[in-house]
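Visitor: sequence-free structure coming up:
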């Protein structure tokens, strides 16, 4: 706890030295070094959240979420092992089991992080018995549709709306498997919030919950972000550009 | 009504971090938290409405839809069930002609289930509008039903309904040592702050909440951490099913708890202490408040305690609202700050960034009792008892199939068999040590010892004789975890539900060997990837069951070695789409 | 016009023969036949035993998802659903006229679909019966058998289908379940390179299509008595025709004729379809029974599909196909051809027609344009009608002010033909089964009649309302272990 990492401090990720800066977590350092670790709830513009657990790695033999685990010099981190990939695969399958994810008719297909991470991990089935929750849409807003069926509860919209837009349009309520997104209105309708289409909260959903209305399928499937290149390339490049 | 809200919020200083306390009061007055109430509270507290709705929706004792004017919640711990709570519950439901979770048509009453109420030694138990009633019998259910039907306010019900018995069956180091009020405080102030920390360190006292972290190290780190304020928090959110020892400690030994907090406050330089009392223990609140007042009058709390300049310390009590996860220290801190009880990311730890992001010591009730006595009697006195890695004693909450349920204090290192004998257990098949998150112990292991080195325990000791169905017990635990998962992380939120589903299939005799493999896989996932202790341990009991009671599983599996399938359930969408739900649209178990 | 064999007077004591599944058709259906001790036929029914309820999935969804979602109804003619839904929703987004590019791209997609589907049906599913014989050895009576006996022909079938799929891939984005058509237009045009690629393949495609037409013409000529008589039942016919009266499979107005070819109605705007057609439900099938409202359920049933279409229109509008059509019409001059087996002939004529239309579309520069989407004043409902490979396909949606679909009604081609198929197999039963011990070969006659209609049973079973439930539990080999029926009147 007392040692301050040197500027040239490194840890090992799957046998490769990864440099890091003080305060970086393992995931942040790995991405900066061009090494991909799958994640869903992490977003470079926000403080690590640590809820999806898809970025789980093994640090010195103990599993933990790489987005919230501080990088420490000399740590030995395992990520691309079959054991860790299997854990991640099951976590992604849990998410598919929990919500209603019908990729074939989802406007987000091809741009969806959940789908892309699923492909990266070799997820071919949901594996578990689907829960098929009943989650009605909120189409009250003239420009925005909320399709809660796809929500993976990453709280990125909550964070963006609160920290960037300063509107707190979104929050979570309920708990456990009944946890769900709510909007900031007594009616419970998005139309009665002050969400605007250029809000940050509109652009951070990794799945297809928050959608601009009447714009479905303008980009053909096959021409979308992760149709053309796998997420492990896209994510690393995005980091370089930032 | 809004006028009342203004006054209510005013009493809490308009402080949004007191939201959980405010919502508790709203519940007590209005019976539920309506959408307009949420809007108004958000306005008065300068919080977003969505935030208030999120907090109101998190805690089991808060209702965001109308409940009956009388809200009855039967404790659903396995010991309550073994004592007949489901039959009694059905009796009440039938009497009111309602289903579980349903509100009677006249809005008078609703009957539901809640997690363990901490009355396992005198179950079955229930809560009515938050007030605990133990030792339920058909006669008492009849009396309660009549009172509800008469519309009699709970506050006016006969006192004898609400008495909670004491069952202190064995005293040792902690329970058997008398301490004059202030003796621990005097000894601590005599040693100085650093000296007090050193004494606690030397005692080898480890946290009694389960994790067993060194109390001295915790205090030392908190004392050393930079901060504007420091806090001592007493974790009295005794939510682990089968645990009720803190309930007793907070009655007869409550002065020691507060004394321990005061000693801790002195040691780390905190001026404020907070007791997070689980909502189920509402009945303890008046006496505890009175105790605090008495100690203020006696100069044991407040400014300049015992005339020592700078020894300023006072204690405030917060009530929980039905969330097991708040027993996790960082979730507890979130709850104290008026938020959803979600465990925080660590590091940083509470000792450096705790309550209001300030250095905070969070200690279990039993730990604080020990700390008070160690302060007075010294580290050697304490360390002389127990084992090398587990100094002192452990207080066990013994319940289930025993002749004498109650609390038993034994030195660490005492065998499970010794506890069973002391409590009068016979034909014991299994013991759940430490509660559903602990270790399921089979008969061949009864010579194992309760200690951090062998079988660790947070205090629960639930005994099952050979008449009990182990799978039903595990099923009860699986429901518990699914109900109590906070939902923050994927593995626990989904995994506890998936575990409940698969186990339910096995218990119903529809499981296959594949389901057993799936249970192993899910418990592995829970342990490896969950965010906090709740998820880490949510698969323990099932895993132990699969390892130690495998024949019980195998007997219950359907003969098929393939995944089974509930044909009738699979037809539900077809029934919905064909607008049918008559008997003819369902399949019998046996077929035509 | 409905026949007595729909319901036995007294089913007690009758023997039940089941053909299940009906093979070499899309989806899952079965035929039940009730016979007495002398093998006299008392009842014949085509049951659709799978249930999809697709309309229910669509209700409550945002309208822009519908063209992509609804095509999942079917793996064979998804493009037809994709386009019918788009056409219906064009009206919701106010795109009453598409941009020329969108119109050509959608047409190209559609004719590619017709071509590939007709090729699949004839070469893969039906040619085994026609080329090898209805009662030929069952193990050989399949596409592999055709491949062995007629390798060049089978290869042409495969290549034709491949070309159609290529057209779909280029216009829709994927060979199956693409996303090219959206309410108001399309999301991609055709590139020059893509067009050139298709154009290069066209001469072969047209040649193969002509070979196919010639083959069916010859088959019909060789055994004219059988082909004309087999399962033939007279009925009304219905289809879209172009506003100029010529065949238009993508867009037009509704026209119906009676069994003699007399026009019942013509030029009807598809938006008013629901005044012309009603649907009945029967307890023994998940497929509804539509009929022309004016004629009532007994006399109002009709045929759709290739045979109806090419006779309903004034001409096809492409020279090679029109010449072929003249030969078919010459079978019964001045009268409508009703023979189910003539469906195959008509289908191959349409295949050739589609190749010709594709040739024409590829020559149209609008195909390469950049103006893809049109819009206009918002509407709340839309009907989209298209002539799918199997016949008239109707999609009808209502959309609320929040952009969600509140009502969805689909009448698919196969559903229109429900009564016609049932009547055809009853006729086949009278002609071939009555009084004979039912052998596999005889029972295949029933299937041959069904196949002639090219039914897509999967598509046809989305009906809502109070329906019977029947569950069959099969073992790993597909053998029936248990049948559970939860509807007392299933034989009634």
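Guide: That came through, no problem. Given the structure is predicted, the values throughout are model-derived calculations rather than measurements.

Visitor: Three-state assignment for the residue nearest to the spatial centre of chain A, please.
Guide: Nearest to the mean C-alpha position of chain A, counting by Cα atoms, centre = their mean, stands residue A:40 at 1.9 Å. Classification of residue A:40 using DSSP: H, G, I helix; E, B strand; the rest coil returns coil.

Visitor: Spatially nearest residue to it, not counting backbone neighbours?
Guide: residue A:52 (4.1 Å; Cβ to Cβ, 6 or more residues apart in numbering or on different chains). For every residue, glycine as well, the C-beta is placed using N, CA and C.

Visitor: quick one: low-confidence ranges for the chain?
Guide: I went with chain A, as the question did not name one. By pLDDT under 70, the weakly predicted segments of chain A are A:1-7.

Visitor: think we crossed wires, I meant chain C
Guide: For chain C, the ranges with pLDDT under 70 are C:1-3, C:21, C:24-27, C:49-53, C:457-492.

Visitor: Outline the domain layout of it.
Guide: C:4-50+C:420-485, C:54-414 (automatic domain parsing).

Visitor: Can you point out the buried residues in the longest helix seen in chain A?
Guide: As assigned by DSSP state H, the longest helix anywhere in chain A is helix A:82-98. For helix A:82-98, the neighbour count (16 or more other Cβ atoms under 10 Å in any protein chain shown) marks A:84, A:87-98 as buried.

Visitor: So for stretch B:169-189, mean pLDDT?
Guide: Across stretch B:169-189, pLDDT averages out at 97.

Visitor: What is the end-to-end distance of that stretch?
Guide: This stretch, stretch B:169-189, spans 34 Å end to end (Cα to Cα, to the nearest Å).

Visitor: Just the buried positions in that stretch, please.
Guide: B:169-170, B:172-175, B:179, B:182-185, B:187-189.

Visitor: same deal with stretch C:401-418?
Guide: C:402-405, C:408-418.

Visitor: Check whether it comes close enough to chain A to count as a contact.
Guide: Yes: Stretch C:401-418 is in contact with chain A by Cβ under 8 Å from any Cβ of the partner chain, via C:402, C:403, C:404.

Visitor: Using a markdown table, please lay out the residues you listed together with secondary structure.
Guide: Below are the residues of stretch C:401-418 next to chain A laid out as a markdown table (three-state DSSP):
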| residue | secondary structure |
| --- | --- |
| C:402 | coil |
| C:403 | coil |
| C:404 | strand |
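
Visitor: Neighbours of the closest residue in space to residue C:148 that isn't next to it in sequence, how many?
Guide: Among residues not flanking residue C:148 along the chain, residue C:140 sits closest, at 7.6 Å (Cβ to Cβ, 6+ apart). Per other Cβ atoms under 10 Å in any protein chain shown, the neighbour tally for residue C:140 reads 14.

Visitor: can you pull the contacts of residue 120?
Guide: Let's take chain A. A:38, A:230, A:231, A:232 (Cβ atoms under 8 Å, 6 or more residues apart in numbering or on different chains).

Visitor: Not quite, go with chain B.
Guide: The contact partners of residue B:120, taken as Cβ under 8 Å, 6+ apart, are B:77, B:79, B:80, B:241, B:242, B:243, B:244, B:397, B:399, B:400, B:405, B:462.

Visitor: Now the two most distant members of the buried residues of stretch B:169-189.
Guide: B:169 and B:189 (35.4 Å; Cβ to Cβ).

Visitor: can you pull the contacts of the residue nearest to residue C:148?
Guide: Residue C:140 is in contact with C:128, C:132, C:148, counting by Cβ under 8 Å, 6+ apart.
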